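Asker: sharing a model prediction with you, sequence too.
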Amino acid sequence: MSKLQVGDPAPAFTLPDADGVPVSLADFAGRRVVVYFYPAALTPGCTTQAVDFTAAREQFDAAGLTVLGISPDAPAKLARFRTKHDLAVRLLSDADKDVLRAYGAYGLKKLYGKEIEGVIRSTFVIDVDAAGAGTIALAQYGVKATGHVDRLRRELGL
């Protein structure tokens, strides 16, 4: 697994959201995007992170940052997750894990002392140019769900 670094091109993607609507990185041309990868909807840590991003959405919006959450969950499960927790961030489905792999957010990790293959909780800030191509402005791997959004806000000066 290769990790992306600041200044690297952001892998382009088009993924369905919780409603099955395709969303591409290029849709955010001229903007900044926070893309966070999480293991599974409707689990405690992922819920904490999604709820925290939702609570801070106005601050991200005011700073010109759009937040996208990506997991391998199917759109129907993402829709249930969004409804159950009244989430205001856009959730995307990467069932094939191609985008997760492209960002280095899927691979070997330790879970309860065992090495397993799975989603590595990761967050990226991407500057998307006018042509729709992205550049990594911030890359964080192996983040903890609890407190992550507050730390990210501080790092971004929000």
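Answerer: Perfect, I can see it now.
Asker: contacts only, for the one residue sitting closest to the centre of the chain.
Answerer: Geometric centre of the chain, nearest residue: residue 36, 1.7 Å, by C-alpha atoms, centre = their mean. Residue 36 makes contacts with 49, 53, 67-70, 121-124, as judged by C-beta atoms under 8 Å, 6 or more residues apart in numbering. To be clear about C-beta, it is placed using only N, CA and C from the backbone, and glycine gets the same treatment.
Asker: neighbour-wise, which of the residues you listed leads?
Answerer: Within these, neighbour counts (other C-beta atoms under 10 Å) peak at residue 69, which reaches 27 neighbours.
Asker: quick one: residues contacting that residue.
Answerer: 36-38, 49-50, 53, 89-92.
Asker: give me the element it is part of.
Answerer: strand 65-71 (DSSP states H and E).
Asker: each with direction, which strands does that strand pair with?
Answerer: strand 32-37 (parallel), strand 90-93 (parallel) (DSSP bridges).
Asker: after that strand, which helix or strand is next?
Answerer: That would be, after strand 65-71 and using DSSP H and E, helix 75-85.
Asker: quick one: residue 28 and residue 127 touch, right?
Answerer: No: counting by C-beta atoms under 8 Å, residue 28 sits too far from residue 127 to count as a contact (9.8 Å).
Asker: would you map the strands across this protein?
Answerer: 9-10, 14-16, 22-24, 32-37, 65-71, 90-93, 106-111, 114-119, 122-128, 134-141 (DSSP state E).
Asker: as TSV, those with mean pLDDT and distance to residue 58 would be great.
Answerer: Formatted as TSV, those follow (pLDDT from 0 to 100; distance: least, C-beta to C-beta, whole Å):
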stretch	mean pLDDT	distance to residue 58
strand 9-10	97	25
strand 14-16	98	25
strand 22-24	98	21
strand 32-37	97	14
strand 65-71	97	11
strand 90-93	97	15
strand 106-111	78	31
strand 114-119	82	27
strand 122-128	97	18
strand 134-141	96	20
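Asker: how deep is the nearest residue to residue 73 once chain neighbours are set aside tucked in, by neighbour count?
Answerer: Spatially, and ignoring its direct neighbours in sequence, residue 73 is nearest to residue 41 (4.6 Å; C-beta to C-beta, 6 or more residues apart in numbering). By other C-beta under 10 Å, the residues close to residue 41 number 25.
Asker: how about residue 51?
Answerer: 17.
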